[in-house]
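[1] quick one, what's the 3D model for this:
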Amino acid sequence: MTTELTILAYAALLQVVHFVIYSIAANLTLGLKVTAGPRDTTPQITGMTGRLQRSFNNHFEALLLFAIAVMVIEFSGQSTELSQTSAILYLVARIAYVPAYLSGIFMLRSLIWFVGLGATVVMLISALF
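    From the prediction side, this is the model:
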């Protein structure tokens, strides 16, 4: 298995861990009656739990683009040191993104998000040229 596919598997596992952390926080914040109920209305989630929810959703968006980049690299047989390093950088950025989002430090999560996106874009562009 290539480095890029391995990193994609780790990124997917990171999403699972993120989901577990967010689910625990949501259950503690909203209560089991709300989270296990029919959800006819969407409760407003704020504070740290809201940040966990938003960062979780953001990872789905980022993971989709990263998975596309990995598939392009894989199916075209263009795994290189650059694409491997970019994949690792993406994963490191996504791991750092959660605590950065939770910290609320101005611009930190945005900078880390941009690093992950940049790594994904580098992978896509490197496959085209």
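
[2] what comes up buried for the helix or strand harbouring residue 122?
    Secondary structure from DSSP states H and E places residue 122 in helix 108-128. Neighbour counts using 16 or more other Cβ atoms under 10 Å place 109, 112-113, 115-117, 119-120, 122-124, 126-127 of helix 108-128 among the buried residues. (C-beta placed from N, C-alpha, C; glycine too.)

[3] which member of those is positioned nearest residue 46?
    Lowest distance from residue 46 to those (Cβ to Cβ) belongs to residue 109, with 16.8 Å.

[4] quick one: least confident helix or strand in this protein?
    Taking mean pLDDT, DSSP states H and E as the measure, the chain has helix 32-35 as its least confident helix or strand, at a mean of 83.

[5] quick check: what element follows that helix along the chain?
    helix 47-76.

[6] torsion angles phi and psi at residue 41?
    Taking degrees, to the nearest 10, you get phi -120, psi 150 for the backbone angles of residue 41.

[7] could you check how far it is from residue 30?
    Distance, residue 41 to residue 30, by Cβ to Cβ, to the nearest Å: 12 Å.

[8] who has more neighbours, these two?
    Between residue 41 and residue 30, counted using other Cβ atoms under 10 Å, the more crowded position is residue 30 (16 against 8).

[9] name the nearest residue to that one, sequence neighbours excluded.
    residue 43 (5.6 Å; Cβ to Cβ, 6 or more residues apart in numbering).
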